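Chemist: need a 3D model of the following:
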Amino acid sequence: MKRVAFKMILNEGQKVEYKKRHDEIWPELKQLLKEAGISEYSIFLDEDTNTLFAFQKVSGEGGSQNLGETEIVKKWWAFMADIMKTNPDNSPVSVKLEEVFFME
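Modeler: The predicted structure is shown next:
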C-alpha cells in the first residue's frame, strides 16, 4: 500500500463551508474512493496559509487524483469550485508532495 500526500488551496474564509461539505460527503463519492483502494484519507488545514494538506493510503496504482474522469468526481469538483483554487476543469489546483520521512 502506498501513501500519497498533496496540497491544495482553500479560498480565504471558507474553512467552515469546506468542513461542512466534507462532513456531508456524498455516499456515492465515498464509495467510489473506497472502491478505488483509497483509505485513511485525511485533509488538514493550515489556517495561516489556507493550504490544505491531504494524505491517503492507496492500494494499487491510482489515488483520488486519478478519478477525475468519473462523473461523480466531476460533479464534486464543480460543487467545491467556489471555495477552492481550481483549474479550468474545476479540479482542485494540487501539488503532489514527496515523502521524505516515514516511521512505523
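Chemist: all helices for this protein, in order.
Modeler: Listed in chain order, the helices of the chain (DSSP state H) span 15-23, 27-35, 71-80.
Chemist: next, format these as JSON lines and append mean pLDDT, mean neighbour count and distance to Ser91.
Modeler: Heads up, the C-betas are built off the backbone N, CA and C, glycines and all. Supplementary listing: the helices of the chain in JSON lines, determined by pLDDT from 0 to 100; neighbours: other C-beta atoms under 10 Å; distance: least, C-beta to C-beta, whole Å:
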{"stretch": "helix 15-23", "mean pLDDT": "98", "mean neighbour count": "12", "distance to Ser91": "16"}
{"stretch": "helix 27-35", "mean pLDDT": "96", "mean neighbour count": "13", "distance to Ser91": "14"}
{"stretch": "helix 71-80", "mean pLDDT": "97", "mean neighbour count": "16", "distance to Ser91": "5"}
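Chemist: for Asn50, find the nearest of those.
Modeler: Ranking the helices of the chain by their distance to Asn50 (criterion: C-beta to C-beta) puts helix 15-23 first, at 8.3 Å.
Chemist: contacts for the closest one next, please.
Modeler: The contact list for helix 15-23 (C-beta atoms under 8 Å, 6 or more residues apart in numbering) reads 10, 43, 45, 47, 52, 79-80, 83-84.
Chemist: so how far is that helix from its chain's centroid?
Modeler: Relative to its chain's centre, helix 15-23 lies at 13 Å (C-alpha atoms, centre = their mean, to the nearest Å).
Chemist: what angle do it and helix 71-80 make?
Modeler: Angle of helix 15-23 versus helix 71-80, following axes from the mean of the first three to the mean of the last three C-alpha atoms, to 10 degrees, is 160 degrees.
Chemist: quick one, strands of the protein?
Modeler: In chain order, the chain shows strands spanning 2-9, 38-46, 51-58, 94-97, with DSSP state E as the criterion.
Chemist: hmm, who's touching stretch 48-58?
Modeler: Contacts to stretch 48-58, defined as C-beta under 8 Å, 6+ apart, come from residues 1-12, 18, 36-46, 63-64, 84, 94, 97.
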